[in-house]
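Engineer: Here is a sequence with its predicted model. Questions after.
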Amino acid sequence: MELQTESKIFCSCPNRFGEKPNTNVCPVCLGLPGSLPVFNKNALELAVKAALALNCQVAYYSKFDRKNYFYPDLPKAYQISQYDYPLAKEGFLDLLKDGHVIRRVIIERLHLEEDAGKLMHDHEKACSYVDFNRCGVPLMEIVTAPDMRSPQEAQLFLESLRRILLYTATSDCKMEEGSLRCDANISLRQHGEKLLGEKVEIKNMNSFRAAFKGLEYEINRQAEILQRNGTISQETRRWDESQGKTYEMRSKEKEHDYRYFPEPDLPPLVLNEAMLARIKKQLPELPVQRASRFIEELGLRPYQAEILISSPALANFFEDTLQHFSEPQIVCNWLLGDILRLLKETGQEIEEVAFTPQYLAELLAVLEKGDISGRSAKEVLEESFKYGSNPRRIIEEKGLAQIDDERELSEAVSQVLIGNPGAVEDYRGGNKKALTFLVGMVMKQTKGQANPKIVMNLLRSELDGEN
């Protein structure tokens, strides 16, 4: 995954997405003769923070190596990476489902490296173009042990990892921009066997859904081969989203194919206890701990807590609202209901909208007090969400205050009873559901502003009193 730095890992070129091709480059990015890399300290600190959040043992000594291979998007013909002395090892990530840890995934290593460029293919002209803007973008690669047992667990791992990186602000994790990428290795073994079969790597999975579908397809493909007593080749395959299949790219490289050797232009990374302690203090409350607190201290259900902590912005919005309206379950219901619906409809993230926690708290306080009906509250929410307007101002301007005046409501009740003789007869004949219908008709006539409790009492008085 890409680290959220201002500049690249070994030069001062901007680390920005979407720029005009080959504009964020310099002699270091392009590997021109005589250019020398200079390490970006911020990339180190972000990687250390992520490693600590993932329970890794951060190495006091690590170094860079040259990973040698030839490809058109790699101008130096080698990638600066870390091989035998990575930045961190021996971590773990617990997978949480319904408030319980269902799997602990061991993280074997976490290391730093630089990105390569990007190839763009023009099939009509039968040619390819290369954009070197991504060359030198700082990457952090995380390698797990073969602990996951299904595509579902793999997807849950990716979602959990993404949350941690967002909480620690080490990566923006935008898969559509290449900030978070996943290469999955999959091995099957026959029932009763202890050793895993040949390893197949799947590339080109640019979404969590793609990772799930790619692994699901590959499991079925390999299982069919083994059932025919065939053999699995160790290879790298490409996931084709449109076809829903994987295709062979090349045979799987071995480590010796890359001819690793120490990077001569960069000194080793030597950390000390003071630096690690300083970065550790910067760690925020992490998602699993936050979900546990929401469940234990605020009384939320596990599935509610898991949705709320899915992004730090959503969890912060929830807690900021509680500073002004201290009913966790009510706030949670509105956030996970109408507000998430509005976010989905508009394609926005909660940090992008003008609607604030203070506005939500104000709206809920007005609703709890009985100054507006639930139906009107939803109307106010949509208006406030769309334009960032103060809920009280919307209520005043649109005349949405709840009607509590019994004289005014009595007139509406009388009109509804006269206009719906069938429902009146049904009620008096013992069908109590007819009362709900009549309440709804009064609410419709008053545009949702009538106090439903008063309406219910007035209807019962009229219907039962005349019986």
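Structural biologist: Now that the structure is in, tell me what you want to look at. Numbering: from 1, shown residues only.

Engineer: what sits up against stretch 182-191?
Structural biologist: Identification of contacts with stretch 182-191 by Cβ atoms under 8 Å, 6 or more residues apart in numbering yields 146, 154, 158, 195-203, 205, 211, 214-215, 218-219, 222-223, 226, 232. Heads up, the C-betas are built off the backbone N, CA and C, glycines and all.

Engineer: Give me the mean pLDDT for it.
Structural biologist: Mean per-residue pLDDT for stretch 182-191: 86.

Engineer: and what of stretch 334-351?
Structural biologist: On average, stretch 334-351 scores 93.

Engineer: pull the CA atoms of it into CSV?
Structural biologist: What follows is stretch 334-351, C-alpha atoms only, in CSV (Å, rounded to 0.1, in the frame of the first residue of the first chain):
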residue,chain,number,x,y,z
TRP,A,334,-30.0,7.6,12.6
LEU,A,335,-26.4,7.3,11.5
LEU,A,336,-26.7,3.7,10.3
GLY,A,337,-30.2,4.4,8.8
ASP,A,338,-31.0,7.6,7.1
ILE,A,339,-27.5,9.2,7.1
LEU,A,340,-25.7,6.2,5.5
ARG,A,341,-28.6,6.0,3.0
LEU,A,342,-28.0,9.7,2.0
LEU,A,343,-24.3,9.1,1.8
LYS,A,344,-24.8,6.2,-0.5
GLU,A,345,-27.2,8.1,-2.7
THR,A,346,-24.9,11.1,-3.1
GLY,A,347,-21.7,9.0,-3.3
GLN,A,348,-20.1,11.1,-0.6
GLU,A,349,-18.0,10.3,2.5
ILE,A,350,-19.3,11.7,5.8
GLU,A,351,-16.3,14.0,6.1
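
Engineer: Might one say that Glu159 is in contact with Ala211?
Structural biologist: No. Assessed by Cβ atoms under 8 Å, Glu159 is found out of contact with Ala211, at 10.1 Å.

Engineer: Could you check which of the two has the larger neighbour count?
Structural biologist: Counted by other Cβ atoms under 10 Å, Glu159 and Ala211 do not tie: Ala211 has more neighbours, with 22 against 15.

Engineer: nearest spatial neighbour of the more buried one, skipping sequence neighbours?
Structural biologist: Leaving aside its sequence neighbours, Ala211 sits nearest to Met205 (Cβ to Cβ, 6 or more residues apart in numbering; 4.6 Å).

Engineer: so where do the helices sit in the stretch 51-200 of the chain?
Structural biologist: Counting by DSSP state H, counting those that start in this stretch, the stretch 51-200 of the chain has these helices, from start to end: 151-167.

Engineer: which residue ranges form the strands in it?
Structural biologist: With strands called from DSSP state E, counting those that start in this stretch, the stretch 51-200 of the chain shows them at 57-58, 61-62, 65-68, 78-81, 88-97, 100-114, 118-122, 127-131, 138-144, 182-186, 200-205.

Engineer: for the protein, longest helix please?
Structural biologist: Assignment by DSSP state H gives helix 208-227 as the longest helix of the chain.

Engineer: how about that helix: buried residues?
Structural biologist: 208, 210-218, 221-222 (16 or more other Cβ atoms under 10 Å).

Engineer: For the residues you listed, could you give me JSON lines that also reports distance to Glu306 and pLDDT?
Structural biologist: Converted to JSON lines, the buried residues of helix 208-227 look like this (distance: Cβ to Cβ, whole Å; pLDDT from 0 to 100):
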{"residue": "Phe208", "distance to Glu306": "15", "pLDDT": "87"}
{"residue": "Ala210", "distance to Glu306": "22", "pLDDT": "88"}
{"residue": "Ala211", "distance to Glu306": "19", "pLDDT": "89"}
{"residue": "Phe212", "distance to Glu306": "18", "pLDDT": "90"}
{"residue": "Lys213", "distance to Glu306": "23", "pLDDT": "92"}
{"residue": "Gly214", "distance to Glu306": "24", "pLDDT": "90"}
{"residue": "Leu215", "distance to Glu306": "22", "pLDDT": "92"}
{"residue": "Glu216", "distance to Glu306": "23", "pLDDT": "92"}
{"residue": "Tyr217", "distance to Glu306": "27", "pLDDT": "92"}
{"residue": "Glu218", "distance to Glu306": "28", "pLDDT": "91"}
{"residue": "Arg221", "distance to Glu306": "32", "pLDDT": "91"}
{"residue": "Gln222", "distance to Glu306": "32", "pLDDT": "90"}
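
Engineer: Which neighbouring elements make contact with the helix or strand containing Glu297?
Structural biologist: Following DSSP states H and E, one finds Glu297 within helix 287-298. The contact analysis (3 or more Cβ pairs under 8 Å, 6 or more residues apart in numbering; DSSP states H and E) places helix 287-298 against strand 88-97, helix 151-167, helix 302-308.

Engineer: The shortest one: what's the following helix or strand?
Structural biologist: Yep, that's helix 302-308 we're talking about. helix 312-322.

Engineer: and the longest helix of the chain, what does it pack onto?
Structural biologist: Helices and strands touching helix 208-227, by 3+ Cβ pairs under 8 Å, 6+ apart, are helix 151-167, strand 182-186, strand 200-205, strand 235-240, strand 245-251.

Engineer: where along the stretch 351-467 of the chain do the helices fall?
Structural biologist: Under DSSP H, counting those that start in this stretch, the stretch 351-467 of the chain gives helices at 357-369, 374-387, 391-398, 406-419, 421-428, 433-445, 452-466.

Engineer: Just send the ones you listed back as JSON lines, with distance to Pro33 and mean neighbour count too.
Structural biologist: Shown next, in JSON lines, are these (distance: least, Cβ to Cβ, whole Å; neighbours: other Cβ atoms under 10 Å):
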{"stretch": "helix 357-369", "distance to Pro33": "56", "mean neighbour count": "19"}
{"stretch": "helix 374-387", "distance to Pro33": "57", "mean neighbour count": "18"}
{"stretch": "helix 391-398", "distance to Pro33": "64", "mean neighbour count": "17"}
{"stretch": "helix 406-419", "distance to Pro33": "86", "mean neighbour count": "15"}
{"stretch": "helix 421-428", "distance to Pro33": "89", "mean neighbour count": "15"}
{"stretch": "helix 433-445", "distance to Pro33": "79", "mean neighbour count": "17"}
{"stretch": "helix 452-466", "distance to Pro33": "80", "mean neighbour count": "15"}
